[in-house]
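1. here is my input, please return the structure:
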Amino acid sequence: MNRHAIYHEPAGIYAWAAGPESLAVMLRAGRADIDSVTIAYADRHEHPRNWRFSVMNAVDRDGLYEYWTATISLPTRRFAYYFILMENGREIWYGEGGFAEHVSPDAIWRWNFQYPYLWWDDKDALPYWAQEAIVYEIFPERFYNGDPLNDPPNVRPWGQLPETQSFFGGDLRGIIDKLDHLEWLGVNCLYLTPIFSAPSNHKYDTSDYYKIDPHFGDPQTARELVTQCHQRGIRVVLDAVFNHSGSDFAPFQDVVRTGRDSPYAAWFNIYKYPIVASGAPNYETFSCGIASMPKLMTDQPAVREYLIQAAEYWTRELAVDGWRLDVADEVHPDFWREFRTRIKAINPECLIIGEVMHDAVSFLTGDQFDTVMHYPWQHLCVDFLTKREPQIGLEEFADTLGRLRQAQRSSVTPALWNLFD
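-> Got it, this is the predicted structure:
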């Protein structure tokens, strides 16, 4: 038995509240290294302890490890537990105190793992519809032009090859016009990339968080879109950009004009005054020196209040069903905790999706996001299905997929946004 491969901790993806009285538990072991695992559990305050036993299931494996899971329940919600590992007829116990062939009743109370008290909050549960969502992403400017009267200047003829900065006049009316087609496809959730006022075609450089971009439509058209979607059983998720604003954002322009005396100076990380946007900007931005996207300091109470109030406003105004949050892994974690609490107070079934480009386990513990954009899955599929280097084989694909399935709480896995286009 490879003891170095065996791992558990009473937290994170290894132990979490699965219900009001239920604890989901996972043990990692070496691949094909042990024959069976049984979890022994009891109330941590019982004396003597009345141990219950549950056989664990080997649910997944990757290139190195195998993952064993079980869900255990106690009405008192206070758990002490350890694992009984079987290899070739030999029994080894594994607890917080390490490995043993047997632990005396007097010593086991401090040797076993403990999950002291299970606090269950319904807000930790995923929205009921999330696991069945068939999501269709729409980049509104390039989807369909339903109202030529709101076109921006110099739109290109539809069907012409696009360029990075080009406009084609797609809008919210165009999405409404194509709802029959989307319904026919079997779509039950629309994800719209940003629709708020911004100078670019992608709208990730927000200039006004309280205004629908006039080249997309107006609040009345947005409400009509959401209403018609709901009548067809289609939910609507909007995209919000809180990591950074656009350089046309009024608070940033105030700092440009008045410098460090601006009441909004603390909203941004200005390296040196006066602000210089040409060449290398002298303020922090999204990515590497993108002058049109100054970073917002989401640790500042005023910034937090302004942005969350905007999200609350549109959640109520449009009755949207979710928020996809851009560059979410660079926003202050406390911002997301407050965002979640306040948005769920308006609509407990509102789905909160974070854009996280990497392992997202720290964001998926029930206090920030319901799910994330699952880029690792997308990258895996592209590496397997295309001939780009490095192309991977079936065994490596299966091993990596097994690891990805166990990289977050199992309740989250079916609701991950697996991007594939």
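
2. the biggest helix by length in the chain: what's the following helix or strand?
-> Ranked by residue count and defined by DSSP state H, the top helix of the chain is helix 301-318. Helices and strands here follow DSSP states H and E; after helix 301-318, the next one along the chain is strand 322-325.

3. what number of residues lie near the spatially closest residue to residue 9 that is not a sequence neighbour?
-> In space, residue 9 comes closest to residue 15 once its chain neighbours are excluded; the distance is 7.2 Å by Cβ to Cβ, 6 or more residues apart in numbering. In short, each C-beta sits where N, CA and C put it, glycine included. Other residues within reach of residue 15 by the criterion other Cβ atoms under 10 Å amount to 23.

4. try the one 3 residues further on
-> Using other Cβ under 10 Å, residue 18 has 20 other residues around it.

5. checking residue 209 next. Helix, strand or coil?
-> For residue 209, the assignment made with DSSP: H, G, I helix; E, B strand; the rest coil gives strand.

6. any idea how far residue 50 is from the residue nearest to it when sequence neighbours are not counted?
-> The shortest distance from residue 209 to any residue other than its chain neighbours is 4.0 Å, reached at residue 310 (Cβ to Cβ, 6+ apart). Using Cβ to Cβ, to the nearest Å, one gets 53 Å for the distance from residue 310 to residue 50.

7. neighbour-wise, which of those two wins?
-> Here residue 310 and residue 50 are set side by side on neighbour count (other Cβ under 10 Å), and the busier one is residue 310, at 17 against 9.

8. the more buried one contacts residue 210, correct?
-> Yes: using Cβ atoms under 8 Å, residue 310 is in contact with residue 210, at 6.0 Å.

9. ok, back up a step: does anything pack onto the longest helix of the chain? Which helices or strands?
-> Packing partners of helix 301-318 (3 or more Cβ pairs under 8 Å, 6 or more residues apart in numbering; DSSP states H and E): strand 208-212, helix 219-231, strand 235-240, helix 333-346.

10. and these as JSON lines, adding distance to residue 5 and mean pLDDT?
-> What follows is those, written out as JSON lines (distance: least, Cβ to Cβ, whole Å; pLDDT from 0 to 100):
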{"stretch": "strand 208-212", "distance to residue 5": "49", "mean pLDDT": "99"}
{"stretch": "helix 219-231", "distance to residue 5": "48", "mean pLDDT": "99"}
{"stretch": "strand 235-240", "distance to residue 5": "40", "mean pLDDT": "99"}
{"stretch": "helix 333-346", "distance to residue 5": "31", "mean pLDDT": "97"}
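
11. which of these sits closest to residue 19?
-> With Cβ to Cβ as the criterion, residue 19 lies closest to helix 333-346 of those, at 18.4 Å.

12. just after the closest one, pick out the following helix or strand.
-> Once helix 333-346 ends, the next helix or strand along the chain (criterion: DSSP H and E) is strand 351-354.

13. what packs against that following strand?
-> Packed against strand 351-354, as judged by 3+ Cβ pairs under 8 Å, 6+ apart, are the following elements: strand 235-240, strand 322-325, helix 333-346, strand 371-372.

14. okay, those in JSON lines with distance to residue 363 and mean neighbour count next?
-> Converted to JSON lines, the helices and strands packed on strand 351-354 look like this (distance: least, Cβ to Cβ, whole Å; neighbours: other Cβ atoms under 10 Å):
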{"stretch": "strand 235-240", "distance to residue 363": "16", "mean neighbour count": "22"}
{"stretch": "strand 322-325", "distance to residue 363": "10", "mean neighbour count": "26"}
{"stretch": "helix 333-346", "distance to residue 363": "8", "mean neighbour count": "17"}
{"stretch": "strand 371-372", "distance to residue 363": "6", "mean neighbour count": "28"}
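
15. nearest to residue 278, of those?
-> strand 235-240 (28.6 Å).

16. just the residues contacting whichever helix or strand comes after that closest one, thanks.
-> With elements assigned by DSSP H and E, the helix or strand that comes after strand 235-240 is helix 250-258. For helix 250-258, the external contacting residues (Cβ atoms under 8 Å, 6 or more residues apart in numbering) are 207-208, 245-247, 262-265, 267-268, 270, 274-275, 277, 294.
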